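sequence unknown, structure follows:
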């Protein structure tokens, strides 16, 4: 078990902590739990987990603040697990640095799927920086800015390349509209979601087999987008 992936669960509900510990331990993970934000921050610093599962409604501090404080020093994937299901709460958590958001009550298989995605992201962050991202027939070379669908190179504009590279480099992670706009266009354009819609439509036409039913660039309604890779 010493080499098993380590997951830190920060949640004030004892039943949730026990349930998640049981589920993840049965799947071979090592699990540490905390019931308060400060305790969770301390355990994250001392244990260096591979993934953090974080509740927003903690007794001593808001989970969004915990997330923001974690992001000051760690890139460990953070999955938010919360009863709050409003777009505002999801966007706030994701903008604070969370990678994913799961609403309570949750299904076991869905939780495990999110953990697997986060673990792949964690591994890519800890190892050498990803140079090639593969998704179905797509191959995206982040170094040489070459995108291929099968053997055919896809011609993209400079902005399209920058947008796709940011999505692909963060594959599996939910990226908010504001986050993408800030990274690709700059802080001054953080609220110009019409830019994003136009360029996403253009990218999907060039990359997706059926742009109306995208397989690679998925929409998270009201929140942002997620790029799906092969692993």
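Perfect, thanks for sending it. This is a predicted model, so every value here is computed, not measured. Residues are numbered from 1 along each chain as shown.

Walk me through the domains of the protein.
Per automatic domain parsing, the domain ranges recorded for the chain read 6-126, 132-227.

Quick check: mean pLDDT of the longest one?
Spelled out, it's domain 6-126. Across domain 6-126, pLDDT averages out at 91.

where does residue 198 fall, phi/psi-wise?
The phi and psi values for residue 198, taken as degrees, to the nearest 10, are phi -60, psi -50.

need the longest helix for the protein.
In the chain, taking DSSP state H as the definition, the longest helix is helix 108-126.

contacts for that helix?
For helix 108-126, contacts defined as C-beta atoms under 8 Å, 6 or more residues apart in numbering pick out 5, 7, 20, 23-24, 27, 29, 50-51, 53, 75-77, 79, 81, 99-100, 102, 130, 170-173, 231. Glycine gets a C-beta too; all of them are placed from N, C-alpha and C.

So which residues of the chain form strands?
For the chain, the strands defined by DSSP state E cover 6-10, 30-34, 51-54, 78-82, 100-103, 132-135, 138-141, 146-149, 152-153, 174-176, 217-220, 224-227.

Highest mean neighbour count out of those?
strand 51-54 (a mean of 26; mean count of other C-beta atoms under 10 Å).

returning to that earlier point: of the strands of the chain, which is nearest residue 165?
Across the strands of the chain, the minimum distance to residue 165, taken as C-beta to C-beta, is reached by strand 138-141, at 7.2 Å.

Measure how far that closest one is from the centre of its chain, please.
In terms of C-alpha atoms, centre = their mean, to the nearest Å, the centre of strand 138-141 is set 20 Å apart from its chain centre.

And the residue nearest to residue 132 when sequence neighbours are not counted, what's its pLDDT?
Distance criterion C-beta to C-beta, 6 or more residues apart in numbering; nearest residue to residue 132, sequence neighbours excluded, is residue 141 at 5.8 Å. We have a pLDDT of 89 for residue 141.
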